[in-house]
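Visitor: structure of the sequence below:
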Amino acid sequence: GESSDGETSDGESSDGLKEAGESMLSHLMALRKVLLISAAAVLIGFVLVFYLAIDQLMAQILAPIQARGIQVIFTTMSEALVTKVALLAGMIIASPVVIWEIWGFIKPALYPQEKRKFRLLFVLALLLFLTGVVFCYFAVYSLAVDFFLVAGDSLATPMLSIDKYVSFLFGFLVPFGVAFQLPVVLYLTTRVGLTTPDMLRSKRKYVILAIFVLAAILTPPDVVSQVALGLPMCGLYEIGILVSRCTKARERA
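Guide: Numbering: from 1, shown residues only. Got it, this is the predicted structure:
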């Protein structure tokens with residue numbers, strides 16, 4: 001009898017390990033598929049932008065400084081190809097495919113209610129990111145360009161490298177898009193119990209100080225861009241407090 005029980009236990013253990021191994025292998029294969037399709041989508045997006053739309057895209061990117069009578073230069077042969085711009089634009093074009101693949105990978109692990117909330121949060125986060133980028137480009141970036149040009153006008157003639165200019169532009173836009181995610185972050189921290197509306201209100205002055213320190217780190221070293229990022233983040237923090245309050249009220253209800 002003992003021998004039979006031991007054999008049964010060993011058999012069940014080996015079957016469990018086998019099933020766990022097969023499950024892990026299936027997850028890895030699914031992840032591999034996501035990565036391959038995403039990489040292919042980015043590559044196709046890059047090729048399309050590079051051969052079909054790079055001139056129009058660069059004209060839009062260079063418009064803020066060309067409107068001020070400044071032309072960009074390139075100092076190396078590869079720099080003139082603006083592959084960085086084409087790659088970033090290709091990633092943006094491919095993002096729906098990438099997001100769809102990631103969603104398909106994690107969706108089986110979510111409950112129906114979690115799926116609805118995830119979709120809503122994703123759409124909201126995307127809209128906030130795009131709002132931050134558009135706000136920065138049209139309301140803040142021109143002010144920063146004027147600030148730098150005026151500050152350096154009496155010192156030297158501006159000769160801007162296209163690679164450095166594009167890096168400066170994206171280094172300016174992306175932090176604004178990320179900073180505009182603050183309400184979503186506060187909603188998530190409230191849902192998991194890390195923050196409460198009372199806590200957020202009591203820490204307001206410390207958060208405002210931290211926001212301007214963060215703005216100084218994320219943006220180029222000038223007061224205009226730091227204030228231009230800090231003030232909207234303070235407003236978004238207040239919106240986040242309202243979101244947190246509504247979230248807690250709904251949980252109590």
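Visitor: residue 53 contacts residue 92, doesn't it?
Guide: No. Applying CB atoms under 8 Å as the test, residue 53 and residue 92 come out as separate, 11.6 Å apart. Glycine gets a C-beta too; all of them are placed from N, C-alpha and C.
Visitor: quick one, what contacts residue 68?
Guide: By CB atoms under 8 Å, 6 or more residues apart in numbering, residue 68 lies in contact with 145-146, 149.
Visitor: so which of the residues you listed sit within strands?
Guide: Applying DSSP state E to the contacts of residue 68, no entry is found in strands.
Visitor: just the buried ones from those?
Guide: For these, a neighbour count by 16 or more other CB atoms under 10 Å gives the buried set as residue 145.
Visitor: minimum pLDDT in the contacts of residue 68, which residue is that?
Guide: Lowest pLDDT of the contacts of residue 68: residue 149, 73.
Visitor: what's the distance between that one and residue 138?
Guide: Residue 149 sits 18 Å away from residue 138, going by CB to CB, to the nearest Å.
Visitor: how about the strands in the stretch 1-150 of the chain?
Guide: Here the stretch 1-150 of the chain has its strands, by DSSP state E, counting those that start in this stretch, at 72-73.
Visitor: so where's it shaky on pLDDT?
Guide: 1-22, 76-81, 150 (pLDDT under 70).
Visitor: residue boundaries of the helices in it?
Guide: For the stretch 1-150 of the chain, the helices defined by DSSP state H, counting those that start in this stretch occupy 2-48, 54-66, 83-106, 112-135, 141-153.
Visitor: equivalent analysis for the stretch 151-253 of the chain, please.
Guide: For the stretch 151-253 of the chain, the helices defined by DSSP H, counting those that start in this stretch occupy 162-179, 182-191, 197-202, 204-218, 223-252.
Visitor: which one of these lies closest to residue 39?
Guide: With respect to residue 39, and counting by CB to CB, the nearest of those is helix 162-179 at 21.0 Å.
Visitor: in terms of secondary structure, what does the closest one contact?
Guide: helix 54-66, strand 72-73, helix 83-106, helix 112-135, helix 141-153, helix 204-218, helix 223-252 (3 or more CB pairs under 8 Å, 6 or more residues apart in numbering; DSSP states H and E).
Visitor: identify whichever of those lies nearest to residue 193.
Guide: Counting by CB to CB, residue 193 lies closest to helix 223-252 out of the helices and strands packed on helix 162-179; the figure is 9.9 Å.
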